[in-house]
Structures are given as structure tokens and as C-alpha cells.
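Q: I need the structure of the sequence given here:
(chains A and B)
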Amino acid sequence: AQKITQTQPGMFVQEKEAVTLDCTYDTSDPSYGLFWYKQPSSGEMIFLIYQGSYDQQNATEGRYSLNFQKARKSANLVISASQLGDSAMYFCAMREGLSNTGKLIFGQGTTLQVKP
Amino acid sequence: GAVVSQHPSWVICKSGTSVKIECRSLDFQATTMFWYRQFPKQSLMLMATSNEGSKATYEQGVEKDKFLINHASLTLSTLTVTSAHPEDSSFYICSATRREAQETQYFGPGTRLLVL
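A: A predicted model of the protein is given here:
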């Protein structure tokens, strides 16, 4: 069964507008972490934001925020004020348990293109 | 920050040869290192998890005799693709974790392997 699902293969957004990238997950472990990464065409994986399953507030990092809906098992990434440099592939990932030695399970990815 | 390097960044080899890829944590000791494989426009697939001084744990479907992983020290892990074939051509990415809990994995820049 797919544990991390990103249903949007590709997204377009106008520069300076906000965009939401969807991510749903499935786990029976009460302790887990959710991550978002950006992968530009160069291939490097850039960590964006983290949300722990016990965190009460939604995580925010600059222009990135994670809309954590625990009951719905969703962890959507919101990028505000999109910039041309945001064009990249974005991956949602989950780590079961809270230990950092646990493996990451990645979603299929969403390709975001920011239009000038 | 936590920097992970990979070497080489690009490699082209003939079918039947073996290729070694190095993954180093430059400014921290990595308790665990991970090796991923990524085909074009697809997600990252975990190949194996390695801990310093112990045998790697391979994911289902990954041939341990073909993809040899050695984690000789807290800052170095190597992946050797033995008797490479064209279907092994892919983007290989390593990541490493520090001792602190609930942190992200720190990814290397990746190695593009092309087997002719």
C-alpha cells in the first residue's frame, strides 16, 4: 500500500502567488515525522520543512508552511509569494517513529513551475 | 550546517565493470547513512541503510551482492555497483543523519551513473 501519496504530478503557479502542494500519508504508528524536500534540476535534495506527529502547531520556515491535518492524514506544503527559483520537483516524505535512524518513504513528487 | 559530499558526481563506465561511489559527512559524524536510487522524473527509492561497523540492511528487491555497501567509519560510506549493466544507469544519492533526534537526513549532491 502506498504510504505517501502526492496526487499532483505537475503544478503551475504565477510568480508572487501562493501555491499548495498536496500530500497524504498512511501509517498506524502514532509517532512519525513528515518532511518536504525540493529537488531542482541539478538533483540535490534540499530540506524545506519538518512536522512531527505530536507537534501542535503547523511548521513554518520562511515562505514555506506545512498544513498538517492529522485526522485527514494530510501534510500539504504551502509556498507563499512564489519565486522563479521555486521551480523544481517537490517531494513529501514520512519517517515512522521519531528516531532519525528511521528510513524515509518518499511520495511520487510534484513538479512545480513558476510562471513569470 | 551539515554537509554531505559524494564522489564522483558523474561516472560513465563500460558494461561489466564495477563502480565505487563515496559518500562522506564532512562536518559531523553520521550514525546512519542511506543509499537511494532515482530514475528520471521518478521518486527516490531507498536501496539500503548502513550503520558504521555493521552490515547494511537492504530493501526488498535490492541485490546485496550487486550493490555492495561498506560503512567503514562514522564519516564514510561507499556503494560499489558490481558488474554494472545499462539498466543500472541511474542517479544515486546518499544521505546521512547526525546523532540528534528528529532531524532531517542530510543529502549528498548525488552521482549520475551511465553504463554503456
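Q: Convert the C-alpha atoms of the worst-scoring helix or strand of chain B on mean pLDDT to CSV, please.
A: Lowest mean confidence among the helices and strands of chain B (mean pLDDT, DSSP states H and E): strand B:67-73, at a mean of 90. Output of strand B:67-73 as CSV, limited to C-alpha atoms (Å, rounded to 0.1, in the frame of the first residue of the first chain):
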residue,chain,number,x,y,z
PHE,B,67,25.3,-3.3,-4.7
LEU,B,68,28.0,-3.6,-2.1
ILE,B,69,27.8,-1.2,0.8
ASN,B,70,30.7,-0.5,3.2
HIS,B,71,30.4,1.8,6.1
ALA,B,72,34.0,1.9,7.4
SER,B,73,33.8,4.9,9.5
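Q: What lies in contact with that strand?
A: Strand B:67-73 has contacts (CB atoms under 8 Å, 6 or more residues apart in numbering or on different chains) with B:33, B:35, B:47-48, B:50-54, B:56, B:58, B:77-82. For glycine as for every other residue, the C-beta is placed from the backbone atoms N, C-alpha and C.
Q: same question, stretch B:5-13
A: Stretch B:5-13 is contacted from outside by B:19, B:21-24, B:26, B:84, B:92-94, B:108-116, using CB under 8 Å, 6+ apart.
Q: try 7 Å this time
A: Here stretch B:5-13 makes contact (CB atoms under 7 Å, 6 or more residues apart in numbering or on different chains) with B:19, B:21-24, B:26, B:84, B:94, B:108-116.
Q: pLDDT below threshold where in the chain?
A: The chain I'm using is chain A. The model of chain A has pLDDT under 70 over residues A:1-2.
Q: Not quite, go with chain B.
A: Along chain B, the parts satisfying pLDDT under 70 run over B:1, B:100-102.
Q: residues in contact with the residue at minimal distance from the centre of chain B?
A: Residue closest to the average C-alpha location in chain B (CA atoms, centre = their mean): B:Trp35, at 3.5 Å. For B:Trp35, the contacting residues are B:Met47, B:Ala48, B:Ile69, B:Leu79, B:Tyr92, B:Cys94, by CB under 7 Å, 6+ apart.
Q: So which of those wins on neighbours?
A: B:Cys94 (30 neighbours; other CB atoms under 10 Å in any protein chain shown).
Q: Check which helix or strand that residue maps to.
A: Following DSSP states H and E, one finds B:Cys94 within strand B:90-97.
Q: Who are the packing partners of the helix or strand just after that strand?
A: Sequence order places strand B:106-107 as the next helix or strand after strand B:90-97, per DSSP H and E. Counting contacts by 3 or more CB pairs under 7 Å, 6 or more residues apart in numbering or on different chains; DSSP states H and E, strand B:106-107 is packed against strand B:90-97.
Q: Just checking: what are the partner strands of the strand it packs on?
A: strand B:32-38 (antiparallel), strand B:106-107 (antiparallel), strand B:111-115 (antiparallel) (DSSP bridges).
Q: what's the nearest residue to the one residue in chain A that gets nearest to chain B if we skip its chain neighbours?
A: When distances are taken as CB to the nearest CB, chain A reaches nearest to chain B at A:Met45, 3.8 Å away. Spatially, and ignoring its direct neighbours in sequence, A:Met45 is nearest to B:Phe107 (3.8 Å; CB to CB, 6 or more residues apart in numbering or on different chains).
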